[in-house]
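S.K.: Give the three-dimensional model of this entry:
(one chain, ligands or ions: 1)
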Amino acid sequence: MLAAYNYHEIRLPLFEETEVFARSVGVDTDIVSKEMYTFAERDGASLSLRPEATASVVRAYIEHSLFQQPGLTKLYYIGPMFRRERPQKGRYRQFHQLGAEALGPSDHPAIDAEVIEMVLVFIERCGLKATALYINSIGCGTCRPTYVELLRRELKKVESRLGPDSQRRIETNPLRVLDSKVEGEQPIIAKLPSILDHLCKACQEHFDKFQQELKDRGIGYEINHRLVRGLDYYMRTTFEITAPGLGAQDAICGGGRYDGLVELLGGPAGIKGIGWALGIDRFLLALSSQPSAVSAETSGPDVYLAWLGGPTRREALRLARALRQRNLRVEMAYDEAKLRKALELANKLGAQFTVILGEDELKQGKFTLREMASGKQHLLTESELFQRLTTKKH
Ligand code: HAM
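M.R.: Predicted coordinates:
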């Protein structure tokens with residue numbers, strides 16, 4: 001599905017030099033300071049299991065000079081990530097992400113909207129409902145430092161009423177105080193100044209156009225000015241998608257723009273980037289807590305192929321391959337069975353259709369297609385069969 005948006009798979013190593021994460025995600029972030037599994041090489045070099053993959057994508061993008069490609073380089077990855085966490089529902093030490101990154105010289109807000117459209121289409125196709133998209137802009141190197149100073153000053157005024165984590169962050173990373181989940185801090189945080197009132201003209205324009213691009217695509221969203229995200233490489237657009245049924249860990253996808261990162265890691269200046277990562281474990285939890293998301297009907301094969309009589313086997317094998325080439329999910333008996341038994345099994349497996357190939361059909365060069373829900377049967381030529389099956393597949 002991501003290929004439809006012209007994304008290509010990149011396979012990344014499970015570990016990298018610690019520097020790659022420290023410099024991109026940020027040494028003061030929880031991910032780098034507390035959550036990485038780090039180990040020393042024999043020569044003293046420090047390596048870490050990847051806590052996320054954006055840094056690795058950017059490292060590979062620079063190392064293989066992918067910036068020489070025309071236009072945007074669009075990459076996706078899937079695999080395990082590692083963070084030292086106290087395991088709980090939806091939060092694991094080894095978890096899995098599907099992620100996508102678009103890198104290149106343009107920061108057009110349509111790219112921001114397109115990456116979001118892509119993940120929303122993916123989520124929708126998998127059948128997860130009632131997700132919510134939250135967006136924000138956290139400004140750039142021009143406007144954010146002034147805002148951060150203002151925030152720090154305001155936080156100092158209320159310091160004694162904050163918990164130890166937030167107190168520490170006033171110095172290290174005041175923005176992170178905004179996404180504190182500590183109950184008692186919420187009324188204090190609600191009164192803090194919003195970054196959205198302090199964006200520079202260029203960031204404001206980018207944020208306005210980004211919202212227009214979402215509207216043009218019919219994508220609903222809510223602005224959350226406290227959405228700062230826990231990784232240092234972001235600038236301007238940040239976003240998260242939440243799903244019901246997950247409790248406190250309800251973010252199934254997070255992402256944003258990271259325009260300075262390629263240069264920071266030693267690549268050429270002027271390369272922009274944006275992407276997201278979907279937490280597969282949480283996504284599956286959300287799907288399974290939704291009663292009708294995956295019904296027995298859709299999880300069964302599209303076609304059960306019943307062949308009846310020795311001479312039909314070879315033709316059945318050929319047909320199974322042809323159906324599978326058309327992206328149909330096909331189950332076929334390895335041993336010969338009677339029609340009644342074959343239909344019983346097709347029913348149990350939840351097949352939508354059974355294709356019956358008996359000796360009569362073989363002689364006529366046709367196939368019987370049985371719709372399992374209604375029991376209706378049709379005698380069809382091979383091309384009629386393909387047409388029916390490919391248009392009826394959901
Ligand atoms: P992140 O928000 O740290 O962003 O992670 C993205 C998603 O991974 C989260 O929304 C969540 O669903 C899942 N996730 C994170 N930690 C855990 C965990 N311990 N257990 C289970 N699931 C987890 C990133 O990783 C960025 N690299 C995303 C990105 C890509 N930004 C730009 N491009």
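
S.K.: which residues touch the residue of the chain found nearest the ligand?
M.R.: Of all residues in the chain, Gly279 sits closest to the ligand, with a separation of 2.2 Å (C-beta to the nearest ligand atom). C-beta: built from backbone N, CA, C; applies to glycine. Each residue near Gly279 by C-beta atoms under 8 Å, 6 or more residues apart in numbering is listed here: 90, 95-97, 251-253.

S.K.: Now the two most distant members of those.
M.R.: Using C-beta to C-beta, the two most remote members of these are His96 and Ala251, lying 14.8 Å apart.

S.K.: related to what we said a few turns ago, pull out whichever of the contacts of Gly279 are also neighbours of the ligand.
M.R.: Applying C-beta under 6 Å from any ligand atom to those, one finds that 90, 95, 97, 251-253 fall near the ligand.

S.K.: now, which of the residues you listed lie within strands?
M.R.: Using DSSP state E, 95, 97, 251-253 are the members of those that sit in strands.

S.K.: Which secondary structure element is home to the residue nearest to the spatial centre of the chain?
M.R.: In the chain, the centroid-proximal residue (C-alpha atoms, centre = their mean) is Leu278; its distance is 3.0 Å. Secondary structure assignment for Leu278, by DSSP states H and E: strand 272-279.

S.K.: cool, and Val58?
M.R.: helix 54-63.

S.K.: Toward the C-terminus, what is the element adjacent to the lowest-mean-pLDDT helix or strand in the chain?
M.R.: Across the helices and strands of the chain, mean pLDDT, DSSP states H and E gives its lowest value to helix 296-299, namely a mean of 55. Next helix or strand after helix 296-299 toward the C-terminus (DSSP H and E): strand 303-307.

S.K.: And the next helix-or-strand element following that next one, what's buried?
M.R.: Counting by DSSP H and E, the element after strand 303-307 in chain order, helix or strand, is helix 312-325. With burial defined by 16 or more other C-beta atoms under 10 Å, the residues of helix 312-325 counted as buried are 312-313, 315-316, 319-320, 323.

S.K.: just for the chain, where's the confidence low?
M.R.: 291-298, 392-394 (pLDDT under 70).

S.K.: and it, which residues reach the ligand?
M.R.: Residues of the chain lying near the ligand (C-beta under 6 Å from any ligand atom): 52, 54, 83, 85, 90-92, 95, 97, 99, 101, 251-256, 275-277, 279, 281-282.

S.K.: Any chance of a PyMOL selection covering the buried ones in those?
M.R.: Applying 16+ other C-beta under 10 Å to the residues of the chain next to the ligand, the buried members can be selected in PyMOL as follows:
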select buried, resi 52+54+83+90+92+95+97+99+101+251+252+253+254+255+256+275+276+277+279+281+282
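
S.K.: picking up where we left off before, from His108, how far out is the residue of the chain closest to the ligand?
M.R.: 27 Å (C-beta to C-beta, to the nearest Å).

S.K.: again with Gly220
M.R.: From Gly220 across to His108, the span is 21 Å (C-beta to C-beta).

S.K.: what's the answer for Gln352, then?
M.R.: Going from Gln352 to His108 by C-beta to C-beta gives 42 Å.

S.K.: neighbour-wise, which of the two wins?
M.R.: Between Gln352 and His108, counting by other C-beta atoms under 10 Å, Gln352 is the more crowded of the two (21 against 16).

S.K.: Disregarding flanking residues, what is the spatial nearest neighbour of the more buried one?
M.R.: In space, Gln352 comes closest to Asp302 once its chain neighbours are excluded; the distance is 5.4 Å by C-beta to C-beta, 6 or more residues apart in numbering.

S.K.: Please name the residues that touch that neighbour.
M.R.: 328-330, 351-353, 389, 393.

S.K.: Separate out the buried members of those.
M.R.: Among the contacts of Asp302, those classed as buried by 16+ other C-beta under 10 Å are 328, 330, 351-353, 389.

S.K.: what domains does the record give for the protein?
M.R.: The chain breaks down by automatic domain parsing into domains covering 2-143+199-293, 299-393.

S.K.: Adding distance to Pro193, write these out as a markdown table.
M.R.: Shown next, in a markdown table, are these (distance: least, C-beta to C-beta, whole Å):
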| stretch | distance to Pro193 |
| --- | --- |
| domain 2-143+199-293 | 9 |
| domain 299-393 | 50 |
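
S.K.: Going by contacts, tell me the helices and strands next to the helix or strand that contains His206.
M.R.: Taking DSSP H and E as the definition, His206 sits inside helix 201-216. For helix 201-216, the packing partners by 3 or more C-beta pairs under 8 Å, 6 or more residues apart in numbering; DSSP states H and E come out as helix 109-125, strand 132-137, strand 237-242.

S.K.: Out of the ones you listed, which is closest to Leu227?
M.R.: Taking C-beta to C-beta, strand 132-137 is the member of the helices and strands packed on helix 201-216 nearest to Leu227, at 4.0 Å.

S.K.: rewinding a little: just checking: what are the partner strands of the strand holding Leu278?
M.R.: strand 94-104 (antiparallel), strand 251-257 (antiparallel) (DSSP bridges).

S.K.: Point out the one among the ones you listed that comes closest to Pro13.
M.R.: Taking C-beta to C-beta, strand 94-104 is the member of the strands paired with strand 272-279 nearest to Pro13, at 14.7 Å.

S.K.: Specify the angle between that closest one and helix 54-63 in degrees.
M.R.: Calculated by axes from the mean of the first three to the mean of the last three C-alpha atoms, to 10 degrees, strand 94-104 forms an angle of 40 degrees with helix 54-63.

S.K.: now strand 94-104, how far from the centre of its chain.
M.R.: Put simply, strand 94-104 sits 7 Å off its chain's centre (C-alpha atoms, centre = their mean, to the nearest Å).

S.K.: Pull out the buried positions in the strand or helix carrying Glu16.
M.R.: Secondary structure from DSSP H and E places Glu16 in strand 15-17. For strand 15-17, the neighbour count (16+ other C-beta under 10 Å) marks 15-16 as buried.

S.K.: do stretch 40-54 as well
M.R.: Result for stretch 40-54 [16+ other C-beta under 10 Å]: buried residues 47-54.
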